[in-house]
Structures are given as structure tokens and as C-alpha cells.
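>>> Sharing a model that was predicted from the sequence below.
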Amino acid sequence: MTLSYSTTGSPPPADSLAPLGAFLDSERAALAAGLAAAPPLAALPAEAAAALADRVVGSLLATLGDMGATARWVAELLLQPELAGLDERAAHDVFVALRRVILDASLRAVMAGVPDAQEGIHTLMAQVNITHMAVIDFFQRASETDLRLFRELVEHSPDAVVLARLDGTILHANAAFRQRTTFGDGAQGITLGDLGVNDPAVQREIQESLEASGSWQGLIPYTRPDGSEAIDHNIIFSIRDAEGRPQALAIIARDVSDQVRREAELRAVNARMEQSLATSPLATIEWDRSGTIRRWNPAAERIFGWSAAEAIGRNIFTLLVPDMELDQVQAMADAVLRGEASNSSRNLNRRKDGQLITCQWYTAVLRDERGNVVGALSQTEDVSDDLRAEEALRASQEELIQAQQAALRELSTPLIPLAEGVVAMPLVGSIDSARAQLVIESLLEGVSQNHARTAILDITGVPVVDTQVANALIRAAQAVKLLGAQVVLTGIRPEVAQTLVGLGVDLTGIVTRGSFQAGISFAFGTRG
């Protein structure tokens, strides 16, 4: 790539330096303090160093933009009594410290967005060059010392620093650049195009930005020595001579691959999150510490009827919870955010059309990077139809259970009218306390309804007759007797007879027969 840059033009007018000058003037105390703390002024008495540093900074600010005046005050500075006897290195150190504090302040002005600060830096650099020449005139070898210090600074910089001609040919590259690229010590002589700036659009952008403002910054990909791809954030700016004409290009590059990757991953995560929220069947509502709604997804619009534009900015509790008093709103929000309210609950909520629906809510507290609670994310679904279906199913099941119980009662205690005044109840299976009660109730109801005088109770199908069964039979006989009827107990097998005798059951008043047929004969004989 070839980067051409016009060398015509003149330094910016002094009035364009007014914003930068005002900024530097506001930093005068800090500039003077920084200079006073640097060698060799730091070796002077504190008051003398502070006074001299303030005078030096004030002189520079007073001559801002005046190249000739800059050279004069530098010569005068070096002749100050406080600096008498300085050697080349000490004088150079004063110059280096001054340039550092002024350049640091100028860069802060650029970062702070001071108008024309970039142009002002160019002028300051021109003044620095003139100052440099004045120091050279005063000390013959100062330039060599300055160059050595500059190279030390550049070589030890963690950022890649490159000096190139206006056509893009690299003149010098520091250690960081050589280590991070595949060119190594062979970087000198290559062009910026060899670094991967081959996109004509990017070349034009850099060219136009350099011509317009003297600098450009942006991301440029490159290949590391191990073959992996990386991304640098590059700042390219022109270096001007004393007359403000561009003489070379400087490039400062910082590897931002990890930062770019993290930002890309974060954007991807956010994109997936937004897609999930947009397609989720659950209403998703984000709200802050005051309960104000900040996010309202399409499912929330569908469930509650309010559009996102209508809901965002309103309080979630006053919008969705009917009949909540205003003094309860913030208390409810605080309880949720403190974790005192359940993160899963079922509530009655109000739609835009006034309809009340039952919703199942799930709420998670949101925190910032320092762990402070900033709000909550609530997800909910309308379960009204499910509840109605559950209630209908429950009612249907209860009806079925009641019908089954009625059928079981009829099957477990069958009552058979045999003739006028005669009914029979053949029992089959085990008899527990619940069934014993059903036997008594059914027998009494059958005797009453049929106006029976004789009730045959057949236990042929009862496998075990114990105390509970015997007591049930006696209670049944006694209850029937109170209705004026006679109980005939049939189906008493020999082992059952032994059990009854062994239990000492009193069967007085109960007619017993060995078989159901014998019981029928007795009943009909009595009837006849």
C-alpha cells in the first residue's frame, strides 16, 4: 500500500489553539507539579523547583503557537541562575520532562473532546521540534541523548510503535511490533500494505482522515507468528516539521483481540437472549427497583393485551394486579427484590380489557456486576383454561367415584325381594367395618321399603367370620328386630359355627339355618 500525504500548508492559526490553550491553562498547576517532580528540578529546594516549574509552564502557555518565541524562552530557560552548571544530560532531562507533561495533558484534552485538540497537538509537536533545535544549539550533543531516550521509550512500550515514510514504508518498528508479527527484525523496509491494510476502502478512509485531521484510528486484523489471527486497534497520525508540514507517519497499535472476541460473544449472547424472549410462549417482563417495566415481550402483549409501547414505563403491580393500594405497590416490589416473596406464585391478574385471569409467575432477581439488586425478571403464563379444565375433570371424577361407590354398595350389599314380606341379602367376600355398616344400612332400608317381616342374611360366601363380622350380624339382627322383622341367618358352615361358639356370640333372637334354601323354606313357612 502507498500512503501519500500533501506536505503543503502552514501551521494552524493561533486562534484555533485557544480551546487547547484554555484546557492546558486549567491544568497549569498539575503541569507545574509534574515538571517540578522530575529531575533535575527535583534536586532543587521544593519552593525553588515549584517556582521555576511554574515559570517554565507559564512561558510555554504564553507562547503557544508562536514558534519564534518558543525558541527564545527555551534559551532563556537554560540560562536561569537556578539551572547554572547543568550538564547536557540534566538540561535534556528538563526538556524531556516538560515534553512529557505537556504531551500527556494534550492527549487528555483529545480524550476529553476539546475542540481542535488534535490540530493543537500538531502545533505543540512543531514547538517541541523547535525546542529540540534550541536545545541542540545550546548543547551540541543533546540531540543524540534525546534520540536515545526516545528510542528507549519506544522500545520498551507494550504497544507496537512504528515510524513510516509518508508513502507507508516502515523506517523503524519497536520490539513489541517485531515480536507480535511474522516480520520480526525484517520489518524495516516493508510497507503498511504488507500488514494487511489491502482493502481499498480502508486505504481511502485512512488517506482522507490523515488529510483532513492528520490522524486515523480503527481496527486492523493481522497474523501472529504462530499463524493465529489477531486484531489491532491502530492510531495513525502524521509527524510535522517546524512549519507544520507532514514529514512522516507514526503508528501505535494495541492488540485488542480478546476484547473484540468478548464483545462479539456478548453481542451473540444478547442476540440469542433477545430471540429467546421474542419467541418464548411465556410473558417475559423486566422491571426495575421501583417496579417500572423496562421490557415487555410479544407473549406479554398476547396474554395481557397491552402493547410494549403501552406497558413499558408503567408500574407492573398497578398495571396487572387488581385492587392493589398505592402504598402497597413499592412494599410489594421491595419484598420481591429482597427475596422475601416467593419466586413462584399463582396470582389473579387483570388484562387490558378488564378480564381477570389466573397466571403462574416465576421471578428472578437481577443484579449488576457489583452484586447490587437492580430489578427483576418475571415470566408468567395464563393458566385460567388449565384451572377450568382441572376443575371440570375433578367434578367429573367425583361424580364417577360417587357412581362407583353406589354400584359397589349395591354389589357388596345386594338386597333381593323374594316374596311379599320376605327379602334376602346374600353376602360374598370379606367384611370390614365400613362394609358392615353398609350391610346394616342396606338391610334396614330394604326391610322398610319392602315392609318385610322376614330378612334372610346369607353368609355362605363370607370366608372368615371373626368378632367383627359376628358383631355386625348381631347389630343387623337387632336393628331389623326394632323394625318388627325377623332375621334368618343362613350359610353357617361347621367351622363358622365353631368360631361363633368360640367367640361366645349370643345369637338369641336370631333364627339360624344351615343353607340359603333352608332359610327360604323357613321364611315361606312362617309366611304361610
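Okay, I see it. Because the structure is predicted, anything quoted here is derived from the model rather than measured.

>>> need the helices for the stretch 301-450 of the chain, in chain order.
Using DSSP state H, counting those that start in this stretch, the helices of the stretch 301-450 of the chain run over residues 308-311, 316-320, 326-337, 384-412, 433-450.

>>> Now do Arg204: how many residues are near it, please.
Counted with other Cβ atoms under 10 Å, the neighbours of Arg204 add up to 10. For glycine as for every other residue, the C-beta is placed from the backbone atoms N, C-alpha and C.

>>> Secondary structure element for it, which one?
helix 200-213 (DSSP states H and E).

>>> Report all helices and strands that that helix contacts.
strand 215-223, strand 229-240 (3 or more Cβ pairs under 8 Å, 6 or more residues apart in numbering; DSSP states H and E).

>>> Off-centre distance for that helix?
40 Å (Cα atoms, centre = their mean, to the nearest Å).

>>> same question, stretch 239-252
Relative to its chain's centre, stretch 239-252 lies at 48 Å (Cα atoms, centre = their mean).

>>> ok, how many other residues are close to the nearest residue to Arg224 once chain neighbours are set aside?
Spatial nearest neighbour of Arg224, excluding adjacent residues (Cβ to Cβ, 6 or more residues apart in numbering): Ala230 at 5.3 Å. Using other Cβ under 10 Å, Ala230 is surrounded by 18 other residues.

>>> Could you check how far Ala230 is from Gln259?
Distance of Ala230 to Gln259, computed by Cβ to Cβ, to the nearest Å: 11 Å.

>>> same check, this time on Ala112
For Ala112 relative to Gln259 (Cβ to Cβ), the value is 22 Å.

>>> For these two, work out which one has more neighbours and name it.
Shown here are Ala112 and Gln259; by other Cβ under 10 Å, Gln259 has more neighbours (12 against 9).

>>> helix or strand for the more buried one, which one?
Using DSSP H and E, Gln259 falls in helix 257-279.

>>> Identify the residues contacting that helix?
For helix 257-279, contacts defined as Cβ atoms under 8 Å, 6 or more residues apart in numbering pick out Leu219, Glu229, Ala230, Ile231, Thr284, Arg295, Asn297, Pro298.

>>> could those go into CSV alongside pLDDT and distance to Asn347?
What follows is these, written out as CSV (pLDDT from 0 to 100; distance: Cβ to Cβ, whole Å):
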residue, pLDDT, distance to Asn347
Leu219, 86, 50
Glu229, 81, 53
Ala230, 82, 53
Ile231, 85, 50
Thr284, 90, 16
Arg295, 91, 20
Asn297, 92, 19
Pro298, 92, 21
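
>>> from the residues you listed, which would you call buried?
Applying 16 or more other Cβ atoms under 10 Å to the contacts of helix 257-279, the neighbour count classes Ala230, Ile231, Thr284, Arg295, Asn297, Pro298 as buried.

>>> Show me which of these is closest to Asp334.
Comparing those against Asp334 with Cβ to Cβ places Arg295 closest, at 20.2 Å.

>>> residue contacts, that closest one?
Leu277, Thr284, Ile285, Glu286, Ile312.

>>> mind checking pLDDT for the residue nearest to the spatial centre of the chain?
Centroid-nearest residue in the chain, with Cα atoms, centre = their mean: Leu366, separated by 6.9 Å. On the pLDDT scale, Leu366 is placed at 86.

>>> Would you check that it makes contact with Ala376?
Yes - in this structure, Leu366 is within contact of Ala376 by Cβ atoms under 8 Å, at 5.9 Å.

>>> Give the residues shared as contacts by the two.
Both Leu366 and Ala376 are in contact with Glu286, where contact means Cβ under 8 Å, 6+ apart.

>>> low pLDDT regions in the stretch 401-528 of the chain?
By pLDDT under 70, the low-scoring segments of the stretch 401-528 of the chain are 401-413, 526-528.

>>> picking up where we left off before, include distance to Glu205 when you put the helices and strands packed on helix 200-213 into a markdown table, please.
As requested, the helices and strands packed on helix 200-213 are exported to a markdown table (distance: least, Cβ to Cβ, whole Å):
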| stretch | distance to Glu205 |
| --- | --- |
| strand 215-223 | 7 |
| strand 229-240 | 11 |
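
>>> of all those, which lies closest to Pro414?
Closest approach to Pro414 among those (Cβ to Cβ): strand 229-240, 89.2 Å.

>>> Would you mind checking the average pLDDT for the helix or strand following that closest one?
Sequence order places strand 246-255 as the next helix or strand after strand 229-240, per DSSP H and E. Computed over strand 246-255, the mean pLDDT rounds to 86.

>>> And Gln355, how far from Leu348?
11 Å.

>>> again, but for Ala392
Distance from Ala392 to Leu348, by Cβ to Cβ: 19 Å.

>>> can you check Ala43 too?
To Leu348, Ala43 is 81 Å away according to Cβ to Cβ.

>>> neighbour count winner among these two?
Leu348 (13 against 8).

>>> before we move on, the earlier item: which among the contacts of Arg295 count as buried?
Listed as buried from the contacts of Arg295 are Leu277, Thr284, Ile285, Glu286, Ile312; burial here means 16+ other Cβ under 10 Å.

>>> Which members of those occur in strands, if any?
Thr284, Ile285, Glu286 (DSSP state E).

>>> Now distance to Ala62 too, for those residues, in CSV please.
What follows is these, written out as CSV (distance: Cβ to Cβ, whole Å):
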residue, distance to Ala62
Thr284, 63
Ile285, 62
Glu286, 57
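
>>> Of these, which is the nearest to Arg204?
Using Cβ to Cβ, Glu286 comes nearest to Arg204 of those, at 43.5 Å.

>>> contacting residues for the closest one?
Glu286 neighbours (Cβ under 8 Å, 6+ apart): Ile293, Arg294, Arg295, Leu366, Gly375, Ala376, Leu377, Ser378.

>>> Local confidence estimate at the nearest residue to the fifth one once chain neighbours are set aside?
Distances taken as Cβ to Cβ, 6+ apart place Asp288 nearest to Gly375, at 4.2 Å, with adjacent residues excluded. pLDDT, the model's per-residue confidence, is 90 for Asp288.

>>> Next: Arg350.
So Arg350 comes in at 90 (pLDDT).

>>> Check the ones in strands among the buried ones among the contacts of Arg295 against Ala518 and report the nearest one.
For those, the nearest to Ala518 is Thr284 (79.6 Å; Cβ to Cβ).

>>> what's the closest non-adjacent residue to that closest one?
Asn297 (4.4 Å).

>>> How about Asp353?
Gly305 (5.8 Å).

>>> Could you do Val465 as well?
Counting by Cβ to Cβ, 6+ apart, the residue nearest Val465 is Val496, at 4.9 Å.

>>> tally of neighbours for the one you found?
Neighbours of Val496 using other Cβ under 10 Å come to 19.

>>> Repeat that for Gln247.
15.

>>> who touches it in this structure?
Gln247 sits next to Thr7, Leu166, Ser238, Ile239, Arg240, Asp241 when contact means Cβ under 8 Å, 6+ apart.

>>> let's see it at 6 Å
Gln247 makes contact with Ile239, Asp241, according to Cβ atoms under 6 Å, 6 or more residues apart in numbering.

>>> Could I get the helices of the stretch 301-450 of the chain in TSV, plus columns for mean neighbour count?
Shown next, in TSV, are those (neighbours: other Cβ atoms under 10 Å):
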stretch	mean neighbour count
helix 308-311	14
helix 316-320	21
helix 326-337	16
helix 384-412	11
helix 433-450	17
